[in-house]
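Chemist: No letters, just coordinates:
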């Protein structure tokens, strides 16, 4: 399995590998053409100046200009290839990266910075498409330039070797000094972004209770850590870069003096004196560029590692055999569920069987595991033991896209999406107007929707109509029952409803039940219990009571009466 998990990122890189080979080929031609100014200068100094031939100067100039124009075209082509390779790399991984963020949000309850994987992909694409990568393609040509300098004169070659070693050591020092700092800064940036996301998503609570100043201060403290790490890394990197640049310019100047000495000794020509300085600058330029681009390289490496780790956790998609449309028979067999990241199970040894058309109520105090049971019923959280079966098939063996049309879910926190009312009800699939209206009518929303300024075409969300809590809940109910699902899970469906909304919910439950839908309702309010056939009472993740509604309610009343009697007896004993 481990080998399969690694294929997403490696496959994407393999598919764009040809582009990197093309860039390497273009880099070969470009670096060879970099010798043109040196050769031109040699010819001008050693041929044209000594001979005084204007025709030779003209032809050499025309050839030089033509070759440099060709080099400019190759540079442009090389940039275009990398840009397109980066775009293709992004397209190959965009869907999987989105899935990584979705899974992280699904298993964390939305607590993670789910945009982090997408930001990492964008950062990698930018690095792949940017000019910083050219330094790594040009660096292998440094030995060629040094070899040419040995041809000019052995002393030139040894100066170049010494300079390259010094700058190479500086590059290694730069990497050692900045790597950990930049990694720490990246971690703090991720945490700071997550903090901002949570703050913005709870703006109303923060504003109403005057929490902004304290939360802002917490964010500023984390931001100060980011600035501290980044500043330290930048200062060290800038110091190394300035030393590197100073050494490179100094050596280029000193080699002119060496060239002058060699000219005086008649060991080289004046043209070689100037050409050697230019060629040395060209040989050392990639190292200088790599030092300057090292921060981007370290960040790209961290982004690559995070993206790889996220993709490794995303299991390869398996094509499951298509199953018949379910009828809604649900069975839970000795189910235990451990929330992602938790050490102990929150549900323990739950078993029940629901027939099509039955309505089950799920009761229990806060923290009893009711919402966790809902997530397990829908196949959102995998069981640590036992099975959840729909029509005798494990819920996890169903294709989620195919099963989605047969399932409806109304969570406690209703999230509607930017789009029209009809798009939200139809779950952003192909809009069936008749079914959209039918779902709205069952949920008691039809007349209310018609009162909106654009009816079913009214946009809701950030840039559209803002709905009240009750309207959102009823619209979420319409979305849940759209398409006549065979399994409907409602988590506190009346928490934001007024009396009219409660009546509409009761009618909706009666209608959906008559259609043969299996319904599970999590509720604290007794008004919904009249529509329930069976009840399951949870406490501390285990079943306390289970059975027909009237029987369970009777036993609850008896238990409450017994507890009250015990309390009265204890109070009487104290008073006595």
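Modeler: In hand now; what should we look at? Given the structure is predicted, the values throughout are model-derived calculations rather than measurements. Numbers count the residues shown, from 1 in each chain.
Chemist: What does residue 325 show for phi and psi?
Modeler: phi -60, psi 130 (degrees, to the nearest 10).
Chemist: For it, grab the count of nearby residues.
Modeler: Residue 325 is flanked by 12 other residues according to other CB atoms under 10 Å. In this view, the C-beta of every residue, glycine as well, is placed from N, C-alpha and C.
Chemist: Now it. Nearest residue, chain neighbours left out?
Modeler: Distances taken as CB to CB, 6 or more residues apart in numbering put residue 406 closest to residue 325, at 6.3 Å, once the chain neighbours are dropped.
Chemist: Who are the contact partners of the one you found?
Modeler: Going by CB atoms under 8 Å, 6 or more residues apart in numbering, residue 406 touches 325-326, 483, 485-487.
Chemist: Just the buried ones among these, please.
Modeler: With burial judged by 16 or more other CB atoms under 10 Å, the buried subset of the contacts of residue 406 is 326, 483, 485-487.
Chemist: so which of the residues you listed would you say is closest to residue 425?
Modeler: residue 483 (9.8 Å; CB to CB).
Chemist: Phi and psi next, for the closest one.
Modeler: phi 80, psi 10.
Chemist: For residue 434, see how far away it is.
Modeler: Residue 483 sits 11 Å away from residue 434, going by CB to CB, to the nearest Å.
Chemist: for residue 521, same thing?
Modeler: Going from residue 521 to residue 434 by CB to CB gives 27 Å.
Chemist: now swap in residue 222 and tell me
Modeler: In this view, residue 222 and residue 434 are 52 Å apart by CB to CB.
Chemist: One more: residue 469?
Modeler: According to CB to CB, residue 469 and residue 434 sit 29 Å apart.
Chemist: ok, these two, which is more surrounded?
Modeler: Neighbour totals were compared for residue 469 and residue 434, and residue 469 leads with 12 against 8 (other CB under 10 Å).
Chemist: quick one: the more buried one and residue 498 touch, right?
Modeler: No. Under the criterion of CB atoms under 8 Å, residue 469 makes no contact with residue 498, lying 10.2 Å away.
Chemist: Give me the common contacts of these two.
Modeler: Shared contacts of residue 469 and residue 498 (CB under 8 Å, 6+ apart): none.
Chemist: In the contacts of residue 406, find the pair that's most separated.
Modeler: So, the contacts of residue 406 by CB to CB: farthest apart are 326 and 483, at 13.0 Å.
Chemist: Give me the neighbour count for residue 397.
Modeler: 14.
Chemist: And the pLDDT at it?
Modeler: If you check residue 397, the pLDDT there is 81.
Chemist: Also residue 456?
Modeler: If you check residue 456, the pLDDT there is 92.
Chemist: Number of residues surrounding it?
Modeler: 20.
Chemist: Residue nearest the middle of the chain, spatially speaking?
Modeler: A centroid search over the chain (CA atoms, centre = their mean) returns residue 117, at 2.4 Å, as the residue closest to the centre.
Chemist: what separates that residue from residue 520, distance-wise?
Modeler: Distance from residue 117 to residue 520, counting by CB to CB: 33 Å.
Chemist: and if you look at residue 30?
Modeler: Taking CB to CB, one finds residue 30 at 66 Å from residue 520.
Chemist: Equivalent analysis for residue 155, please.
Modeler: Residue 155 is 86 Å from residue 520, where distance means CB to CB.
Chemist: and the two? which has more neighbours close in?
Modeler: Ranked by neighbour count (other CB under 10 Å), residue 155 and residue 520 place residue 520 first, with 25 against 18.
Chemist: Neighbouring strands - and their directions - for the strand or helix carrying that one?
Modeler: Under the criterion of DSSP states H and E, residue 520 resides in strand 518-522. Sheet pairing for strand 518-522, assigned by DSSP bridges, gives strand 359-363 (parallel), strand 487-491 (parallel).
Chemist: Do you have the helices of the stretch 51-200 of the chain handy? List them.
Modeler: Here the stretch 51-200 of the chain has its helices, by DSSP state H, counting those that start in this stretch, at 54-108, 116-129, 134-138, 142-152, 154-201.
Chemist: Dump the ones you listed to CSV, plus distance to residue 337.
Modeler: Putting those into CSV (distance: least, CB to CB, whole Å) gives the following:
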stretch, distance to residue 337
helix 54-108, 12
helix 116-129, 26
helix 134-138, 48
helix 142-152, 59
helix 154-201, 25
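Chemist: For the closest residue to residue 87 other than its chain neighbours, list the residues it contacts.
Modeler: Nearest in space to residue 87, with sequence neighbours left out and distances taken as CB to CB, 6+ apart, is residue 125 at 7.1 Å. Residue 125 makes contact with 86-87, 89-90, according to CB under 8 Å, 6+ apart.
Chemist: Can you report phi and psi for residue 453?
Modeler: phi -60, psi -30.
Chemist: Apart from its neighbours in sequence, what residue is nearest it?
Modeler: Here the residue nearest residue 453, using CB to CB, 6+ apart, is residue 465, at 7.8 Å.
Chemist: can you list the domain ranges for this structure.
Modeler: What the record gives for the chain is the domain set 2-312, 330-575, from automatic domain parsing.
Chemist: can you pull the buried residues of whatever helix or strand residue 8 lives in?
Modeler: Using DSSP H and E, residue 8 sits within helix 7-15. Buried residues in helix 7-15, counting neighbours by 16+ other CB under 10 Å, are found at 8-9, 12-13.
Chemist: quick one: low-confidence parts of the stretch 1-150 of the chain?
Modeler: The stretch 1-150 of the chain contains residues with pLDDT under 70 at 1-6, 107-115.
Chemist: and which of the buried ones among the contacts of residue 406 is nearest to residue 257?
Modeler: residue 483 (84.0 Å).
Chemist: what's the pLDDT at that closest one?
Modeler: 89.
Chemist: how far away is it from residue 375?
Modeler: 21 Å.
Chemist: what does residue 414 give?
Modeler: In terms of CB to CB, residue 414 sits 16 Å off from residue 375.
Chemist: which secondary element of this protein has the worst mean pLDDT?
Modeler: None of the helices or strands of the chain scores lower by mean pLDDT, DSSP states H and E than helix 2-5, at a mean of 43.
Chemist: I'd like the contacts of residue 406 as CSV, with distance to residue 160 appended.
Modeler: Shown next, in CSV, are those (distance: CB to CB, whole Å):
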residue, distance to residue 160
325, 75
326, 74
483, 73
485, 74
486, 77
487, 74
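Chemist: Confirm for me that residue 296 is in contact with residue 127.
Modeler: Yes. Judged on CB under 8 Å, residue 296 makes contact with residue 127 at a distance of 5.8 Å.
Chemist: Could I get the full set of strands for the chain?
Modeler: Applying DSSP state E to the chain gives strands spanning 330-337, 347-354, 359-363, 385-390, 393-394, 407-410, 419-420, 459-460, 487-491, 518-522, 534-539, 542-548.
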